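Student: Provided below for reference: sequence and predicted model.
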Amino acid sequence: MKRVERMTPIMRTIHWSNAVCMLVAVITGLYIGHPYYQTFIADPAVDKYVMAWNRWGHLIAAIVFDVTAILIGYLYLFSRFEKPYKKILPTKKNFIEFCEVFFNLITFNRRKKFNSEYSDSYNIMFFTLFHILLVFMLLTGLQMYVHGLASGESSIGAWWPWILHLSTDWTLSVFGGNMGVRIAHHTAMYILIMWVMCHIYYQIWRTIFWKEGDINIVFGGYKFANKNSIEAKNNLETQGK
């Protein structure tokens with residue numbers, strides 16, 4: 001077995017920041033859409049600023065999401081550790097690897113003809129879908145936010161609502177108005193929740209079937225790869241040429 005570093009401390013920090021922020025955003029977003037627990041509080045919710053605190057938590061989580069999305073976009077292209085975008089380029093090698101990882105999944109590891117030492121095309125495509133959904137949530141969320149700035153002014157000036165309108169007003173046309181944007185935002189949230197469930201399941205699945213300690217990647221930053229996997233890598237590269 002060979003020890004392989006897969007995530008740097010910065011990458012793990014981004015991962016767990018996203019995980020915590022997503023949990024906060026889902027809980028507070030559900031409350032904003034449907035205040036489901038204010039009836040359990042003795043005093044009127046308006047006196048405890050329950051909605052205000054939920055909106056504050058939701059916006060802070062969204063801001064952290066925005067920052068990490070920018071960092072991830074940068075690392076996709078310019079990381080010195082690995083460049084994920086190379087795995088989603090439409091090349092023969094990536095296509096073969098994507099199919100082999102898929103076959104490995106549906107055959108419960110009975111067929112394994114790819115290198116599991118580093119990130120594969122299937123996993124990178126899976127995470128790319130996640131980040132596309134995050135950007136979609138960002139744009140539709142900001143459109144709902146700027147809807148409350150009807151005066152065209154904000155505490156930091158008129159330039160901020162102007163930028164938000166410029167970047168997100170197209171969502172009104174696509175989804176047929178503010179209610180359509182709200183429904184699209186909520187629908188994307190449920191898709192993201194399904195994505196997270198599949199992600200956790202797949203990481204546990206790989207840890208059990210591959211026996212390479214994949215679950216440790218997000219905790220310790222490394223995993224182990226066996227010699228058969230490395231040999232499969234050489235065979236795959238030969239087929240991709």
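Tutor: Alright, I've got the coordinates.
Student: now for residue 197, how many residues are close by?
Tutor: By the criterion of other C-beta atoms under 10 Å, residue 197 has 10 neighbours. Heads up, the C-betas are built off the backbone N, CA and C, glycines and all.
Student: what helix or strand is it located in?
Tutor: Per DSSP states H and E, residue 197 falls inside helix 178-210.
Student: report the distance from stretch 27-36 to the chain centre.
Tutor: Centroid separation between stretch 27-36 and its chain, computed with C-alpha atoms, centre = their mean, to the nearest Å, is 21 Å.
Student: buried sites along that stretch?
Tutor: 28, 29, 30, 31 (16 or more other C-beta atoms under 10 Å).
Student: how about the residue positioned nearest the centre of the chain, what does it touch?
Tutor: By C-alpha atoms, centre = their mean, the chain has its centre lying nearest to residue 130, at 3.9 Å. Residues near residue 130 by C-beta atoms under 8 Å, 6 or more residues apart in numbering: 192, 195, 199.
Student: three-state assignment of residue 223?
Tutor: Following DSSP: H, G, I helix; E, B strand; the rest coil, the label given to residue 223 is strand.
Student: surely it and residue 213 touch.
Tutor: Yes - here residue 223 reaches residue 213: they are 4.8 Å apart, a contact under C-beta atoms under 8 Å.
Student: now the residue nearest to the centre of the chain: how far from residue 173?
Tutor: 26 Å (C-beta to C-beta, to the nearest Å).
Student: what do you get for residue 147?
Tutor: 14 Å.
Student: what segments of this structure are strands?
Tutor: Applying DSSP state E to the chain gives strands spanning 2-5, 222-225.
Student: between those, which one is nearest to residue 95?
Tutor: Closest approach to residue 95 among these is made by strand 222-225 (22.4 Å; C-beta to C-beta).
Student: need the contact partners of that closest one.
Tutor: Here strand 222-225 has contacts from 1-7, 115-117, 212-214, 216-217, using C-beta under 8 Å, 6+ apart.
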